[in-house]
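No sequence on hand, only this structure:
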């Protein structure tokens, strides 16, 4: 086999793109570590940029890529269940903050949907984009299911979900420091609600208590947002 | 020959036992996700299977503790503790495949990029501030009642 034909073969196999996904992430994470976990050097964003460039160079479509990467994607389910362990360990802290948690959950979920849809609508985004935007603060699988249920483009929601996650993970530390918020339960809860698992990963990197509350917010918002959207969206889109 | 091994090598469990621990921990997580999926679909709940699985895991740990008490360290050292910690450490990696989907939307991003970027930035900042604000406000109110 010539090197060229070998490459043509390799870039269609799940093995190649699975390996490339993990390689890109290891490079991105090494960069983030070298930058002392500076919020702007987000490993998820860097890994996505590296893989996007590689797909472009190789002329590979997303479906071929995902055939390999789906093994990583699948782990999101068990990882969500795994959040139960740190949440259980901190159950006393969660119970102590029960009322603040419920109140901020309801307000935060409504603000996330309303602000995104109204700003995009004001800037002339079409109806399908507005539908895809509405559930962008909750975890990818659930958000995509919500958009599909409303007849919107689910893959676009997937991209907006990841973008929101990265954005929240980048903004949260400087924003909370600027506001002078030192309560890590509150900081974590906010970033988990606004930016699901990527925000939760950032919160765990900053403080364990923030991580627990972020995971809790992510789980609870995955229940509240799908329940709120059908009532809120017709009213917002008009 | 065994006398040359450091004591830790002699007391460590055989390799097969450590490997099984990882598999057992992962199995527990998968079972809870599966049960969560069945409950979510069966009862037509608005919440997704993994979130129901998370809730069931917390409840199961609380019940298990009543039956057979364990502390935080024991949980961390358990099969489940190992598997959960390993997966959560890899959490950022797990979002990469869905994020690479952006390559399918480069055209839309050119046309609607400004509207989308503005919507995401404004909404994320507003959500962070609203959530943290309400959380701290209600915490202060509750604290006030408790002291009064």
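Arrived safely, thanks for sending. Nothing here was measured: the structure is a model prediction, and the numbers come from that model.

Contacts only, for residue B:79.
Going by Cβ atoms under 8 Å, 6 or more residues apart in numbering or on different chains, residue B:79 touches B:21, B:22, B:24, B:25, B:28. C-beta here means a position set from N, CA and C on the backbone, and glycine is covered the same way.

Let's see the PyMOL selection covering just the buried ones among those residues.
Of the contacts of residue B:79, the buried ones can be selected in PyMOL as follows, counting by 16 or more other Cβ atoms under 10 Å in any protein chain shown:
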select buried, chain B and resi 21+25+28
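
any idea how far residue A:203 is from the residue positioned nearest the centre of chain B?
Residue closest to the average C-alpha location in chain B (Cα atoms, centre = their mean): residue B:88, at 6.0 Å. Computed with Cβ to Cβ, to the nearest Å, the distance linking residue B:88 and residue A:203 is 11 Å.

rewinding a little: isn't the residue nearest to the centre of chain B right next to residue A:78, touching?
No - look at residue B:88 against residue A:78 with Cβ atoms under 8 Å: they stay out of range, at 10.3 Å.

before we move on, the earlier item: quick check: closest non-adjacent residue to the residue nearest to the centre of chain B.
Spatial nearest neighbour of residue B:88, excluding adjacent residues (Cβ to Cβ, 6 or more residues apart in numbering or on different chains): residue A:82 at 5.5 Å.

Surely the one you found and residue B:81 touch.
No - assessed by Cβ under 8 Å, residue A:82 is found out of contact with residue B:81, at 9.8 Å.

higher neighbour count, the two?
Applying other Cβ atoms under 10 Å in any protein chain shown to residue A:82 and residue B:81 shows that residue A:82 carries more neighbours, namely 31 against 20.

got a list of what the more buried one touches?
Taking Cβ under 8 Å, 6+ apart, one finds B:29, B:83, B:84, B:87, B:88 in contact with residue A:82.

Closest one of these to residue A:167?
residue B:88 (21.5 Å; Cβ to Cβ).

Helix, strand or coil: sort out that closest one for me.
Classification of residue B:88 by DSSP: H, G, I helix; E, B strand; the rest coil places it in helix.

list the contacts for it?
Contact partners of residue B:88, counting by Cβ under 8 Å, 6+ apart, are A:79, A:82, A:83, A:86, A:204.

lowest-pLDDT helix or strand in chain A?
The helix or strand of chain A with the lowest confidence, counting by mean pLDDT, DSSP states H and E, is helix A:3-10 at a mean of 82.

Please enumerate residues in contact with stretch B:55-70?
Outside stretch B:55-70, the residues touching it (Cβ under 8 Å, 6+ apart) are A:81, A:84-85, A:87-88, A:91, A:219, B:29, B:32, B:35-36, B:39, B:75, B:78.

Now do the buried residues in it.
Across stretch B:55-70, burial judged by 16+ other Cβ under 10 Å covers B:55, B:56, B:57, B:58, B:61.

again, but for stretch A:179-198
Quick answer for stretch A:179-198 (16+ other Cβ under 10 Å): A:181, A:183-198.

Could you pick out the longest helix of chain A?
Longest helix in chain A by number of residues (criterion: DSSP state H): helix A:208-237.

Please see if that helix touches chain B.
Yes - against chain B, helix A:208-237 shows contacts by Cβ under 8 Å from any Cβ of the partner chain at A:217, A:219, A:222, A:223, A:226, A:227.

who does that helix touch, helix- and strand-wise?
Judged by 3 or more Cβ pairs under 8 Å, 6 or more residues apart in numbering or on different chains; DSSP states H and E, helix A:208-237 is in contact with helix A:84-89, helix A:91-96, helix A:98-122, helix A:127-133, helix A:140-149, helix A:184-206, helix B:49-67.

by contact count, what packs against the longest one?
Counting contacts by 3+ Cβ pairs under 8 Å, 6+ apart, helix A:98-122 packs against helix A:127-133, helix A:184-206, helix A:208-237, helix B:106-147.

Quick check: which of those is nearest to residue A:63?
helix B:106-147 (15.8 Å).

Hey, what's the angle from the closest one to helix A:98-122? Just curious.
Angle, helix B:106-147 to helix A:98-122, by axes from the mean of the first three to the mean of the last three Cα atoms, to 10 degrees: 150 degrees.

tell me the centre residue of chain A?
In chain A, the residue lying closest to the centroid (Cα atoms, centre = their mean) is residue A:165, at 3.7 Å.

got a list of what it touches?
A:44, A:195, A:196, A:197, A:198, A:199, B:95 are the contacts of residue A:165 under Cβ under 8 Å, 6+ apart.

so can I have a markdown table of those showing pLDDT and distance to residue A:53?
Compiled in a markdown table, the contacts of residue A:165 are given as follows (pLDDT from 0 to 100; distance: Cβ to Cβ, whole Å):
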| residue | pLDDT | distance to residue A:53 |
| --- | --- | --- |
| A:44 | 92 | 15 |
| A:195 | 96 | 24 |
| A:196 | 93 | 25 |
| A:197 | 90 | 24 |
| A:198 | 92 | 20 |
| A:199 | 95 | 25 |
| B:95 | 89 | 18 |
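
Next, give me the two most distant ones among the residues you listed.
Based on Cβ to Cβ, the longest span within the contacts of residue A:165 runs between A:44 and A:196 and measures 11.7 Å.
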